[in-house]
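> A predicted structure for the sequence below; I have some questions about it.
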Amino acid sequence: IVITAVSCHPANSFVPATRSFTTSVNVQPRSILHATIYDEEVSVSRTSPTGETIEYPLRYRIHNRRNLSSYQAAPLLVLHGGPGIPSHYLEPLADVIPYRSIIFYDQLGCGRSAPGPEFGELRGSYSIDQSVDDLEVLIQKLGLGRGFHLYGQSFGGLLAFEYLKRRAEAPNDDAPKCRSVVLSSAPSNVDQVESVANGLISTLLSTDPDPSTITERFRRMHQCRTPIMPQPLLDAYDNAAAPGSWRGSEVLRGYGATPPSEAASRMPSCLVLRGEFDFVTEECVEGWKDAFNHNFVRMKVLDGCSHHGLLENGGMYGEVVDSYLQEYD
């Protein structure tokens with residue numbers, strides 16, 4: 001989730017005010033260099049204001065393709081956050097979980113799936129439901145007949161949940177089976193996390209009222225606790241959706257995760273991760289326990305981390321995620 005905070009940043013979101021940062025010591029540069037080309041795509045459709053159906057490319061990349069059909073380790077499908085902050089900052093997953101196939105894709109309108117300025121006329125076509133539609137198209141294209149794991153970071157966790165809820169309410173025997181889901185720093189209620197984040201901002205301002213430094217201080221305390229901004233995160237912001245389009249918490253206001261209907265099938269087991277200093281606090285993830293229609297929702301706090309545990313302590317993060325996936329392979 002990119003928190004909209006009018007009082008903190010002239011761009012109304014927590015993005016870096018400068019691009020003078022360099023790569024963090026916690027992330028090796030090759031993590032982004034070997035993942036810059038998304039050379040595969042699938043077409044997704046939108047309807048123009050005139051009623052015309054237009055096809056747009058949704059671009060993706062498969063790390064370790066040779067293991068895509070592995071019987072020992074099911075592939076991991078990765079959903080980035082924002083909305084509108086592309087997958088660059090999650091590509092280090094390929095370094096900390098190197099043997100498993102991992103599918104990265106940029107959601108429509110950002111990163112390598114930004115189709116051009118003409119798409120600005122279709123801003124009303126962005127929604128969680130549309131994003132779930134796109135995800136279903138991608139999963140159908142990939143096949144994944146032996147099943148897969150789903151991973152969603154921040155907003156990507158909301159998207160993962162809504163996909164699984166749709167599948168639980170309308171089972172499809174032809175759809176690949178999702179074996180488990182990881183929700184990383186994903187709030188179950190957007191208005192709640194905005195309120196919590198604003199409270200954290202107020203606390204920081206009470207100790208130092210300087211508004212010119214609040215974005216960086218918030219970043220260092222609650223977003224990514226590295227001395228300098230990690231390069232993958234900078235790359236993601238540099239390729240984010242245009243301000244005013246499908247980007248930031250303001251386009252998600254009013255969202256709260258609700259359980260599927262009583263007739264729905266059982267949803268996959270879930271691991272909910274968050275950092276010790278995350279602006280997605282304990283109260284912001286408690287709602288996931290009631291949103292899933294079973295009791296197999298496990299909570300895990302990452303010591304010393306905030307919102308981007310992968311970029312703060314990649315070794316620990318990869319071990320936690322992969323050990324959970326192995327339970328359901």
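Structure's in. What do you need? Numbers count the residues shown, from 1 in each chain.

> what is the neighbour count of the residue lying closest to residue 287 once chain neighbours are set aside?
Nearest in space to residue 287, with sequence neighbours left out and distances taken as Cβ to Cβ, 6 or more residues apart in numbering, is residue 188 at 3.1 Å. Yep, even glycine has a C-beta here, placed from its N, CA and C like the rest. When neighbours are defined as other Cβ atoms under 10 Å, residue 188 has 25 of them.

> for residue 288, see how far away residue 188 is.
Residue 188 sits 5 Å away from residue 288, taking Cβ to Cβ, to the nearest Å as the criterion.

> which neighbours do those two share?
Residues touching both residue 188 and residue 288 by Cβ atoms under 8 Å, 6 or more residues apart in numbering: residue 257.

> can you show me the helices along the stretch 51-200 of the chain?
Applying DSSP state H, counting those that start in this stretch to the stretch 51-200 of the chain gives helices spanning 93-96, 128-142, 155-169, 190-207.

> for the first one, give the mean pLDDT please.
In other words, helix 93-96. Helix 93-96 shows a mean pLDDT of 97.

> tell me the bridge partners for residue 151.
Beta bridges link residue 151 to residue 78, residue 182 when assigned by DSSP bridges.

> surely it touches residue 163?
No: contact criterion Cβ atoms under 8 Å: residue 151 and residue 163 do not qualify, at 11.9 Å.

> neighbour-wise, which of these two wins?
The neighbour comparison of residue 151 against residue 163 (other Cβ under 10 Å) goes to residue 151, with 27 against 23.

> and the pLDDT at residue 116?
67.

> below-threshold pLDDT in the protein: ranges please.
4-37, 116-124 (pLDDT under 70).

> what separation do you get for the residue nearest to residue 287 and residue 41?
32 Å.

> just residue 127 next, same as before
In terms of Cβ to Cβ, residue 127 sits 21 Å off from residue 41.

> between these two, which has more neighbouring residues?
residue 41 (16 against 13).

> what's the nearest residue to that one if we skip its chain neighbours?
In space, residue 41 is closest to residue 57, 4.3 Å off (Cβ to Cβ, 6+ apart).

> so the one you found bridges to which residues?
Using DSSP bridges, the bridge partners assigned to residue 57 are residue 43.

> check contacts around it.
Each residue near residue 57 by Cβ under 8 Å, 6+ apart is listed here: 41, 42, 43, 44, 113, 115.

> show me which positions of stretch 297-316 end up buried.
297, 301-302, 305-314, 316 (16 or more other Cβ atoms under 10 Å).

> now do stretch 207-222
214, 215, 216, 217, 218, 219, 220, 222.

> before we move on, what about stretch 316-327?
316, 317, 318, 320, 321, 322, 324, 325.

> how about stretch 47-64?
By neighbour count on 16+ other Cβ under 10 Å, the buried set for stretch 47-64 is 56, 57, 58, 59, 60, 61, 62, 63, 64.
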